[in-house]
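J.: coords please:
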Amino acid sequence: MTIESMIKRIQDITRQDAGINGDAQRIEQLVWMLFLKIYDAKEEFWEFEEDDYESIIPEEFKWRNWAVDHKDGKALTGEELLHFINNKLFPTLKNLEVNENTARRAAVVKDIFQDANNFMKNGVLLRQIINILNEVDFTEYDDRHSFNDVYELILKDLQSAGNSGEFYSPRPCTDFIVEMLEPKIGEKVADFACGTGGFLISAINHMREHVKSTEDMDKLQNGLYGIEKKPLPYLLATTNMILHDIDTPRIDHDNSLGKSVRDYKESDRFDVIIMNPPYGGVEESSIQNNFPVELRTSETADLFMALIIYRLKQNGRCGVILPDGFLFGTDNAKVAIKKKLLEECNLHTIIRLPGGVFAPYTSISTNILFFDKSGPTQETWYYEHQVGYGTKTYSKTKPIRHNDFKNEREWWNNREENEVAWKVSMDEIIANNFNLDFKNPSKAQEEALLSSEEYVERLKEAIKESNDLVQKLEAALKA
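T.: Numbering: from 1, shown residues only. Model prediction:
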């Protein structure tokens with residue numbers, strides 16, 4: 001059975017069920033089952049390795065004791081299976097007893113099921129899916145690691161699942177950013193809006209090559225940290241980490257912006273921060289109040305940029321994907337955040353990505369900002385990414401690929417200005433009122449035509465700035 005055929009079989013079955021409404025529910029339905037099966041395989045290993053291992057899951061509710069069909073006619077199916085899952089399994093796992101002494105790898109079970117749902121209404125179809133999942137043996141190394149490809153296909157499906165597409169960053173982008181930042185074993189690595197965990201998985205794959213001992217593996221596991229606000233991507237990220245042999249994933253189901261930046265201590269800072277914050281979100285005033293007055297804005301991505309500056313260690317490194325709006329925005333808060341970034345960090349590189357990298361979720365142009373906390377910015381290099389297909393933009397049928405970053409990799413350590421690379425001094429940035437939207441000078445003579453999406457994005461930015469000014473005026477009048 002091929003990976004693609006397995007996914008197709010499961011999708012075909014879920015489409016027959018009246019309880020499943022859309023791709024997002026289909027994926028959530030599949031992933032809680034995957035989590036239980038993967039966790040059960042992990043428990044078999046822990047039981048073998050640790051004489052005193054005790055499971056947080058009661059025996060009756062372990063995957064091996066209710067989901068496996070032994071072909072003896074006793075396997076749960078139909079209404080009996082639905083009754084067991086809805087009235088016994090879910091209530092039990094949602095209400096597991098957890099306290100400060102509970103191991104993280106055990107507590108994660110309750111965390112996962114707090115917001116999980118069983119959408120399926122046909123117990124016979126549900127049994128068919130469970131049987132397909134049982135064709136994969138997660139205790140076998142080859143099966144488990146080949147299933148990583150299955151999981152990657154599931155995550156890519158999110159790009160077609162409405163707003164859920166925001167949870168997935170293309171793997172070529174996450175791998176490239178991690179490769180350029182070179183996180184090392186023993187360093188603390190974080191993603192404050194981790195979605196499905198793509199950046200953290202890229203970091204794991206990069207550092208795993210340097211694991212030489214059990215101590216190294218412990219350092220790798222303990223050095224990874226993620227936060228995700230929404231239930232579905234949190235479930236996906238945690239399962240993804242366990243699937244990649246991170247037995248105690250430190251993924252918090254929380255809002256990274258929900259704490260005052262003034263409360264962060266040195267122990268709350270990280271050596272490497274890698275992320276793709278959500279764009280276009282609007283944060284309420286209670287969240288904005290967690291930041292100094294001059295940095296307060298309703299734009300989610302801007303607040304994440306401010307957060308990163310506060311949580312990056314001295315000499316720490318960061319790679320973050322941001323839309324063009326952050327570069328050219330001129331409202332007071334955006335300018336203040338960029339000024340703080342350039343004065344406290346060395347913004348050494350901006351990779352200008354074309355439209356379509358995140359198609360079909362959004363077609364707006366984005367950028368990868370690389371900076372470190374080694375001192376203030378002196379100059380910033382720009383590199384205009386070239387679409388590997390010879391077209392101007394990427395699309396759903398022509399997605400970005402790993403090899404498309406070949407030119408950036410070759411240029412990175414031997415920088416020279418050319419037709420796609422140029423540098424801008426800090427004096428030029430200041431003279432431009434901290435507008436970082438510097439165009440390729442080799443194309444300065446070309447007519448500056450914006451795509452319709454870019455016009456809309458700039459219009460939205462102007463409207464948002466106007467609304468912010470109106471809000472400030474209203475607040476001043478009330479005062």
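J.: Now do the phi/psi pair for Val424.
T.: Note on Val424: backbone dihedrals following degrees, to the nearest 10 are phi -130, psi 130.
J.: so Val98 touches Ala107, yeah?
T.: Yes. If you go by C-beta atoms under 8 Å, Val98 and Ala107 touch, sitting 4.8 Å apart. In short, each C-beta sits where N, CA and C put it, glycine included.
J.: overlap in contacts of these two?
T.: Common neighbours of Val98 and Ala107 (criterion: C-beta atoms under 8 Å, 6 or more residues apart in numbering): Ile56.
J.: Report the secondary structure element holding Trp422.
T.: strand 421-425 (DSSP states H and E).
J.: That strand: how far from the chain's middle?
T.: Offset of strand 421-425 from its chain centre (C-alpha atoms, centre = their mean, to the nearest Å): 30 Å.
J.: Partner strands of it and their direction?
T.: strand 379-384 (antiparallel) (DSSP bridges).
J.: Would you mind listing the outside residues contacting the following helix or strand past the strand it pairs with?
T.: Per DSSP H and E, the first helix or strand lying C-terminal to strand 379-384 is helix 406-412. Identification of contacts with helix 406-412 by C-beta under 8 Å, 6+ apart yields 176, 179-180, 351, 383, 385-386, 420-421.
J.: Spatially, which two of those residues are the most separated?
T.: Glu179 and Val420 (19.3 Å; C-beta to C-beta).
J.: Am I right that Ala190 sits in a strand?
T.: Yes. Assessed with DSSP: H, G, I helix; E, B strand; the rest coil, Ala190 lies in a strand.
J.: Can you find the helix or strand in this protein with the smallest mean pLDDT?
T.: Here the helix or strand of the chain ranked lowest by mean pLDDT, DSSP states H and E is helix 141-157, holding a mean of 60.
J.: Show the subsequent helix or strand relative to it.
T.: That would be, after helix 141-157 and using DSSP H and E, helix 171-181.
J.: Checking Arg26 next. Helix, strand or coil?
T.: From three-state DSSP, the assignment for Arg26 is helix.
J.: so how far is Tyr168 from it?
T.: 15 Å (C-beta to C-beta, to the nearest Å).
J.: same question, Arg296
T.: 30 Å.
J.: more crowded one of the two?
T.: Neighbour tally, Arg296 and Tyr168, criterion other C-beta atoms under 10 Å: the higher count belongs to Tyr168, 24 against 21.
J.: can you pull the pLDDT of that one?
T.: You'll see Tyr168 listed with a pLDDT of 70.
J.: before we move on, what about Tyr361?
T.: pLDDT, read off for Tyr361, is 65.
J.: Quick one: neighbours of Ala41, just the number.
T.: 20.
J.: and Leu459, helix, strand or coil?
T.: helix.
J.: quick one, what contacts the nearest residue to Met217 once chain neighbours are set aside?
T.: With sequence-adjacent residues excluded and distances taken as C-beta to C-beta, 6 or more residues apart in numbering, Met217 is closest to Val211, at 5.3 Å. By C-beta under 8 Å, 6+ apart, Val211 lies in contact with 185, 217, 220.
J.: can you redo those as CSV with distance to Leu76?
T.: As requested, the contacts of Val211 are arranged in CSV below (distance: C-beta to C-beta, whole Å):
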residue, distance to Leu76
Ile185, 44
Met217, 37
Leu220, 39
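J.: any idea how far Val335 is from Cys345?
T.: 16 Å.
J.: more crowded one of these two?
T.: Cys345 (22 against 15).
J.: where's the closest residue in space to Asp175 that isn't next to it in sequence relative to Asp245, distance?
T.: Nearest residue to Asp175 in three dimensions, chain neighbours excluded: Ser202, at 4.8 Å (C-beta to C-beta, 6+ apart). As for Ser202, its distance to Asp245 is 15 Å (criterion: C-beta to C-beta).
J.: Can you report how many residues lie near Asp263?
T.: 9.
J.: which residues sit in contact with Ala116?
T.: So Ala116 contacts 28, 32, 90, 231, 235 (C-beta under 8 Å, 6+ apart).
J.: ok, of these, which come out buried?
T.: Listed as buried from the contacts of Ala116 are 28, 32, 90, 235; burial here means 16 or more other C-beta atoms under 10 Å.
J.: Looking at those residues, which are in helices?
T.: Members of those lying in helices (criterion: DSSP state H): 28, 32, 90, 235.
J.: Can you point out the helix or strand that includes the residue lying closest to the second one once chain neighbours are set aside?
T.: Looking back up the chat, that one is Trp32. Using C-beta to C-beta, 6+ apart and skipping the chain neighbours, the partner closest in space to Trp32 is Ala116 (4.4 Å). Counting by DSSP H and E, no helix or strand carries Ala116.
J.: same deal with Gln314?
T.: Counting by DSSP H and E, Gln314 is part of strand 312-323.
J.: Tell me the gap between that strand and the middle of its chain.
T.: For strand 312-323, the distance to the chain centre is 15 Å (C-alpha atoms, centre = their mean).
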